[in-house]
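need a structure here:
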Amino acid sequence: MGGIIAMIDINTYTSIIASLNSKALELLGIAIATYYLSVFIYALRWKIVLGGMGKTIPLNDLLKINLSSIFVNNITPMSRGGGEILRIAWVSKKHGIPVAVSTASILYERISEIVPILILVVLSISYFATHLILFVLILSVIVIGIWFKWDRIIELSIRLFKINLTQEDLVRMLELRKKPALNLLAIGLSSMVWFLDVIRLKLIAMAFGWSPPLTFLSVISLANLLFGLLAFTPGGIGIVEGGLLGTLTYFGIPSTLAISVTLLERFISYVSSTVIGFITLVTSGGVEIWKALRSH
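The predicted structure is shown next:
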């Protein structure tokens, strides 16, 4: 573990970036842009879900909250734990959104990611399988089943996470299913985020002259997701790097290339997001909310 963490050193990043030519640096710049486009899409999705529940918050505010929450995620244990609490507290304090409603909106966001993650699973399987038709059929059945059991999934999720919604807010949340345009948009935006995640990995790989197929990168993206969810360290530090590096080398990627790809990916998704998130937190008035949370 210590060896992996030791790799995350500013001099190492500087050395790797300095070794890239102008074309590679351009690809790296685009990769960074795709990451922050994803953050913007997350904010837009949240605004759409909150709007469907009868709550209106400016998109710019939600973007600042999301950027700040990434910083908190990166310095607190367990994936997304601290950041999600900050999001809930922020919209409650600054915009008067009931805690139960903001919690439910975030839960609904996560549910909207089921379909794109299933698609990512199918793409990952297709990297190994020669006959994909069976997996596509299975995916279709699962998606249809989710749609017809949507209300049940929502109700079970609310019970599981012990969200105390009023009857009115619960009805509003369940009625989101009757808004196909909203649901398709939420699922579409979630899918776009995962697509951008794969594209970011592709751009980073291309910066080193490697052009892996998208199906292979779907495997890597899915593995990255799993390691992030299982990580108990702040921002998954050490665990995510080790998992990504181990996955790449397992599939025969040379260790030097695997280390370079891993470190650049984490430079974007961890180092830069921590810096930008901290600046946003400080300049957007989120420090007092964070301090209040820490005191509890």
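
work out for me the element Ile253 sits within.
Using DSSP states H and E, Ile253 sits within no helix or strand.

next one: it relative to Leu293, how far apart?
40 Å (C-beta to C-beta, to the nearest Å). Heads up, the C-betas are built off the backbone N, CA and C, glycines and all.

and these two? Which one has more around it.
Comparing Ile253 with Leu293 by neighbour count (other C-beta atoms under 10 Å), the higher total belongs to Ile253, at 20 against 16.

quick one, phi/psi of the more buried one?
Note on Ile253: backbone dihedrals following degrees, to the nearest 10 are phi -80, psi 130.

per-residue confidence at it?
In this model, Ile253 is scored at 93, pLDDT.

same deal with Leu59?
Confidence score, pLDDT, at Leu59: 95.

which one is it nearest to, not counting chain neighbours?
In this structure, Leu59 finds its nearest non-sequential neighbour in Lys47, 5.2 Å apart by C-beta to C-beta, 6 or more residues apart in numbering.

how near is that neighbour to Leu189?
Distance, Lys47 to Leu189, using C-beta to C-beta: 10 Å.

just to revisit the earlier point, right, and the residue nearest to Leu59 touches Ile57 too?
Yes - the criterion here is C-beta atoms under 8 Å, and Lys47 meets it with Ile57 at 6.4 Å.

hmm, back to that, quick one: neighbours of the residue nearest to Leu59, just the number.
Count around Lys47 with other C-beta under 10 Å applied: 20.

what helix or strand is it located in?
Element membership of Lys47 [criterion: DSSP H and E] is helix 22-52.

using CSV, write down the CA coordinates of whatever helix or strand comes next after that helix.
Counting by DSSP H and E, the next helix or strand C-terminal to helix 22-52 is helix 59-75. Below are the C-alpha coordinates for helix 59-75, written out as CSV (Å, rounded to 0.1, in the frame of the first residue of the first chain):
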residue,chain,number,x,y,z
LEU,A,59,-27.5,25.4,-12.3
ASN,A,60,-24.4,27.5,-11.4
ASP,A,61,-25.0,26.9,-7.7
LEU,A,62,-25.4,23.2,-8.2
LEU,A,63,-22.2,23.1,-10.2
LYS,A,64,-20.3,24.8,-7.3
ILE,A,65,-21.9,22.4,-4.8
ASN,A,66,-20.8,19.4,-6.9
LEU,A,67,-17.2,20.7,-7.4
SER,A,68,-17.0,21.3,-3.6
SER,A,69,-18.4,17.9,-2.8
ILE,A,70,-15.7,16.2,-4.9
PHE,A,71,-13.0,18.0,-2.7
VAL,A,72,-14.8,16.7,0.4
ASN,A,73,-15.0,13.2,-1.0
ASN,A,74,-11.3,13.3,-1.8
ILE,A,75,-10.3,14.1,1.8
